[in-house]
Every structure is written in structure tokens, then in C-alpha cells.
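Enquirer: Let me see the structure of the following:
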Amino acid sequence: MLAFGSFTFGDALLTVLELALLFMWIWVAIGVIVDVFRSHDLSGAAKAVWVLVIVIFPLIGVLIYLLVRGRGMHERSAHAAAASQDAFRQYVRNVAHTPVDDLNALEDLRQRGVLSDEEFEKAKAKVIS
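Expert: Numbers count the residues shown, from 1 in each chain. The predicted structure follows:
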């Protein structure tokens, strides 16, 4: 082990490079494992085998996965992102009420005779203000 006094600038740069490569490796490995579980075309047994290969032989397992199934990783990722955006938009549509929606509902209640004209005007004033 190097003493602190003999730790040079070059050693510091090499340490930073090693940490950056380790971070990138972890990022890729996690991305591959996420893609394994995201794949709908893999059976449960195939997913288990891929994860087992990646855990036992990390470097070789990830490289083999990238060579064999890497082409579809982007499509699966884009599909998951689009599905997430669609789910969010649907949620916003279901939850968000605009004043126009409230006024339409009040008008519908008035036309069905549930609200009188006076009650409608009071409720409309609350919605508008």
C-alpha cells in the first residue's frame, strides 16, 4: 500500500479513472439486469438463467447478453418510457378537473333538474372564482 506522502498526482488520476470505469460498469450491469426483467419475450426460466450467468460470470455474462440481445435493449427501453408517459397522461386526465369540466357537470345537473337556477348560479360563481 502506498504511503500518503508518496501518492502522486498520477496516482490520483488513475484512481479517478478506475472509479469512473467502476461506476460505468455498475451502470451497464444494472441496465442489463433491468432489461432482462423488462423483456416480455423471455420466459421465467430464461430470465433466471441470464441473471445466474451475469451473477456468476459478470463481465462475460454482460458482454454475451449485449452481443446476443443488445439490439433490442433500446426498443424495450423506449417502449417502457412510452408506456410510462401514457400512464402518466391517463392519470392526469382522470385526476385533473378543469373549471370547464365542473361547469359542464353543473350544466348537466341543471338540465336534469337536480339543481335549480339559483343553485346553479351559486355553484357557478364558486367554480369561476
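
Enquirer: Quick check: Ser6 vs Glu75, distance?
Expert: Counting by C-beta to C-beta, to the nearest Å, the gap from Ser6 to Glu75 is 51 Å. C-beta: built from backbone N, CA, C; applies to glycine.

Enquirer: same question, Ile60
Expert: The gap separating Ile60 from Glu75 is 24 Å, by C-beta to C-beta.

Enquirer: Ala87 now?
Expert: Applying C-beta to C-beta to Ala87 and Glu75 gives a distance of 19 Å.

Enquirer: ok, which stretches of the protein are helices?
Expert: For the chain, the helices defined by DSSP state H occupy 9-38, 44-56, 58-69, 73-95, 99-111, 117-128.

Enquirer: Surely Met73 touches Val34?
Expert: No - using C-beta atoms under 8 Å, Met73 is not in contact with Val34; the gap is 9.4 Å.

Enquirer: So for those two, which residue has more residues nearby?
Expert: Met73 (18 against 14; other C-beta atoms under 10 Å).

Enquirer: For that one, give me its contacts.
Expert: 31-32, 35, 66 (C-beta atoms under 8 Å, 6 or more residues apart in numbering).

Enquirer: that older thread, columns mean pLDDT on top of the helices of the chain, output as JSON lines?
Expert: Formatted as JSON lines, these follow (pLDDT from 0 to 100):
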{"stretch": "helix 9-38", "mean pLDDT": "94"}
{"stretch": "helix 44-56", "mean pLDDT": "95"}
{"stretch": "helix 58-69", "mean pLDDT": "94"}
{"stretch": "helix 73-95", "mean pLDDT": "89"}
{"stretch": "helix 99-111", "mean pLDDT": "85"}
{"stretch": "helix 117-128", "mean pLDDT": "86"}
